[in-house]
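J.: Here is my input, please return the structure:
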Amino acid sequence: MRTYRALFLGAMDPATAAAMRGWLSAGHEIAEVWYGQPRWKGAIHRDARYALFAPQWSVSTVARRHGIPVRAVPRLASWPERIDALKAARADVLISVYFSYLVPAEMLEQFGDRAVNLHPAPLPRYRGPTPFHAMVLDRSILTDGAMTLHVMTDRFDEGAIIARRPVSFPSDGSLARYMLAAATAGRQLLSEALPAYLDGTISSVPQEAEDATYPRVTARDLALSSSLHAEDMRFRCMVLARRRAVRVDGFPALRIAGFDRELGPPTGNPAQIGLLTVDMDAKDRRVRLIRKRPWSSPLGKWRDWVTHIAIRDEES
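T.: Below you'll find the model as predicted:
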């Protein structure tokens, strides 16, 4: 089997660390890891905490153990030195994992069909940067979760599909556990499917354009409202509120940390906001929600950390 040398474009995220481990475990090399501006503040510090408590999920730890340079890069389209830096890496494969920027066509041309991307959704559905939340909104995450490996083009998530692995949604509703399961699926794709594709054992298949969706999910889309059924409210609270408090449409300052119970049929009365709870109508039921408390966010973060520490995701 031929040994390939890859340039990784990634986020400072557990999915990138898992993908790196998968590629290395298959006997291949990583020239460098480039990461762009994180989508949320604190991502770099979070990776440093992973290095201490859950090193298998830390990009910097995986890179350090294998002597791989890691560098922050600007938006590729506006970086004059991008081609020179690309050639200096001497890579023959380009691998993208949750990378922040669109890769310019002249960079992709250096690799041809050896520029690939991991996308945490069942492409061609759920293209774009918010597939997790889009699948939560329509609850397809319960049945259709997947990680897709596909060829990159100069348009987001439109290239031919190399392989896909299903990702099961956990019974406890933990989005953190689900995202780590997706990261593990990505590791498996890079250790098994990608080498087979590069060696010509398997071929890519064009996406069915008529099945494509590109949802754009905003914070307002994730908010609770009286237009939702009670079960949809319960599901959003179970999945989303355990990590970050959920908004209520029409109440900008109100934050919800959980779903308490159904109270009966809808009453037609406005929301009643108490010190600890909120009673409001859903589309089909009157429900009681739990307001965010000072300890809600720290507790959610602690649960996430326990999940990351507990799930080792070791290669077999």
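
J.: Could you use CA atoms for every contact and neighbour count after this?
T.: Noted.

J.: the helices in the chain, which residues?
T.: For the chain, applying DSSP state H gives helices covering 14-25, 43-53, 59-65, 82-89, 105-108, 131-138, 175-188, 194-198, 230-236, 296-310.

J.: Tell me which other helices or strands the shortest one touches.
T.: In other words, helix 105-108. helix 82-89 (3 or more C-alpha pairs under 8 Å, 6 or more residues apart in numbering; DSSP states H and E).

J.: picking up where we left off before, is it possible to get CSV of the helices of the chain that adds distance to residue 158 and mean neighbour count?
T.: Listed next are those as CSV, based on distance: least, C-alpha to C-alpha, whole Å; neighbours: other C-alpha atoms under 10 Å:
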stretch, distance to residue 158, mean neighbour count
helix 14-25, 20, 25
helix 43-53, 27, 16
helix 59-65, 27, 18
helix 82-89, 23, 13
helix 105-108, 14, 16
helix 131-138, 14, 19
helix 175-188, 18, 23
helix 194-198, 18, 18
helix 230-236, 29, 20
helix 296-310, 31, 15
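
J.: can you list these in JSON lines and add mean pLDDT and distance to residue 253?
T.: Below are those laid out as JSON lines (pLDDT from 0 to 100; distance: least, C-alpha to C-alpha, whole Å):
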{"stretch": "helix 14-25", "mean pLDDT": "97", "distance to residue 253": "32"}
{"stretch": "helix 43-53", "mean pLDDT": "84", "distance to residue 253": "26"}
{"stretch": "helix 59-65", "mean pLDDT": "96", "distance to residue 253": "36"}
{"stretch": "helix 82-89", "mean pLDDT": "96", "distance to residue 253": "44"}
{"stretch": "helix 105-108", "mean pLDDT": "96", "distance to residue 253": "44"}
{"stretch": "helix 131-138", "mean pLDDT": "94", "distance to residue 253": "22"}
{"stretch": "helix 175-188", "mean pLDDT": "94", "distance to residue 253": "24"}
{"stretch": "helix 194-198", "mean pLDDT": "98", "distance to residue 253": "47"}
{"stretch": "helix 230-236", "mean pLDDT": "96", "distance to residue 253": "18"}
{"stretch": "helix 296-310", "mean pLDDT": "65", "distance to residue 253": "16"}
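
J.: Turn those helices into JSON lines, columns for distance to residue 258.
T.: JSON lines is the format used below for the helices of the chain (distance: least, C-alpha to C-alpha, whole Å):
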{"stretch": "helix 14-25", "distance to residue 258": "26"}
{"stretch": "helix 43-53", "distance to residue 258": "25"}
{"stretch": "helix 59-65", "distance to residue 258": "32"}
{"stretch": "helix 82-89", "distance to residue 258": "46"}
{"stretch": "helix 105-108", "distance to residue 258": "45"}
{"stretch": "helix 131-138", "distance to residue 258": "16"}
{"stretch": "helix 175-188", "distance to residue 258": "14"}
{"stretch": "helix 194-198", "distance to residue 258": "41"}
{"stretch": "helix 230-236", "distance to residue 258": "8"}
{"stretch": "helix 296-310", "distance to residue 258": "9"}
